[in-house]
Every structure is written in structure tokens, then in C-alpha cells.
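[1] pasting the sequence and the predicted coordinates here, then a few questions.
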Amino acid sequence: MMRYVMIAILLIGFSGIAQQTKVGTIDVDFILSKMPELAQVQKGVEDYGNTLQVDLNKKMTDLNTELEKYKADEATLTIAQRKTRQDSLLAMEDDINKYRSNSSQLLVLKRDELMQPLFKKVGDQLEVIAKAQGYTQIFQRDNNLIYIDNNYDVTLDVIKALGIELEEGE
């Protein structure tokens, strides 16, 4: 008998907790795609990518110049001089390969840096809306959610709070 009373109390407690929880969703990617500032971010990333490409091109030109010099001088160089110049060329080539590899990572970091103010703007509005509408949790709307009731999606509320106007049907 006591066991049933404890189970009943637990169930009543859990149902009370469940009633206090309000969960919503948000599609941050959609909001970001509608923000006018996104064009500036994309231009900034593109400009940075162009700068990296110019640096890479300079490194490639320097390598080709040194390679041409080596080929022209090869017949007159001693074995030690050849080895030194070959090591230098290999080091330049290695530097270029590392630069290529790091460039993609640097582009991602630059994009993240430039996107940070947009994420903050969305996050600030989301926090205001979530508190005002009594949400206890907001999930990012993505492929991991199995069911989403659009009545609890705050994406449009955040877009409205940011002052972004949507075209009909979006």
C-alpha cells in the first residue's frame, strides 16, 4: 500500500514538472540567411580568401623562380651546394603545402569571427522572446529533431524582432 502511495506521489510530481516545461525550436540558419549583414560577412570572407590566395601565389612564384635558378646553375654547383639548394626548394614546397592546408582552416576561423556579431544578435533576441513567452528550452531546428510543432517555433518571432521582412511564402 505504501509503495502505491509513493508511486502516485512521484507521478503527480513528474506531471507537475512536465507542465512547467515549455520547449520551442528555432532555425538559426534561416534567420542568418535573411539578415542583410550576411552579405558583408560573405564579402569579408571572400576578401580574406583573396588575400590568402595572393600570398599563396607569391610563394608559388618564389618557388618557381628559385627552381629556375637551380636548373640554370645546377651544372656549375658542387655536390654540397646542390644539396643545400635542393633542401631549400623542398622546404619552400613544404611551406606551400602547409600554407594551403592552413588556409582552409584560417578561412573557417575568419568566417566564424565575422559571423559572431550576427549570432549574438540572434541570441539576444531569442533570449528576450524565450523569456517573454515562457520557454524553458529552445532547440536548434535541424535534422536531429523527429517531430516539430510549428506553434512552438520562435524563428519568425526572432526575425520580426530583428526587423527583417520576409517575402510572402518564406
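    Sure, I can see it. Please read all numbers here as calculations on a predicted model, not as lab measurements. Numbering: from 1, shown residues only.
[2] doesn't Lys22 make contact with Ile138?
    No. In this structure, Ile138 is not within contact of Lys22 by C-beta atoms under 8 Å, at 9.5 Å. Just so you know, the C-beta spots here come from the backbone N, C-alpha and C atoms, and that holds for glycine as well.
[3] what about these two, which has more around it?
    Ile138 (21 against 13; other C-beta atoms under 10 Å).
[4] centre-most residue in the chain?
    Asp112 (5.0 Å; C-alpha atoms, centre = their mean).
[5] show me where this structure has its strands.
    Taking DSSP state E to define them, one finds strands in the chain at 23-26, 137-140.
[6] could you list the low-pLDDT ranges of the protein?
    In the predicted model, the chain carries pLDDT under 70 at residues 1-19, 143-148.
[7] make it 50
    Regions of the chain meeting the criterion pLDDT under 50 cover residues 1-2, 4-6, 8, 10-11, 13-16.
[8] what is the neighbour count of the closest residue to Arg111 other than its chain neighbours?
    The shortest distance from Arg111 to any non-neighbouring residue, by C-beta to C-beta, 6 or more residues apart in numbering, is to Val45 (4.9 Å). Look at Val45: counted by other C-beta under 10 Å, it has 18 neighbours.
[9] tell me if I'm right that Val45 and Glu113 touch.
    No. Look at Val45 against Glu113 with C-beta under 8 Å: they stay out of range, at 9.5 Å.
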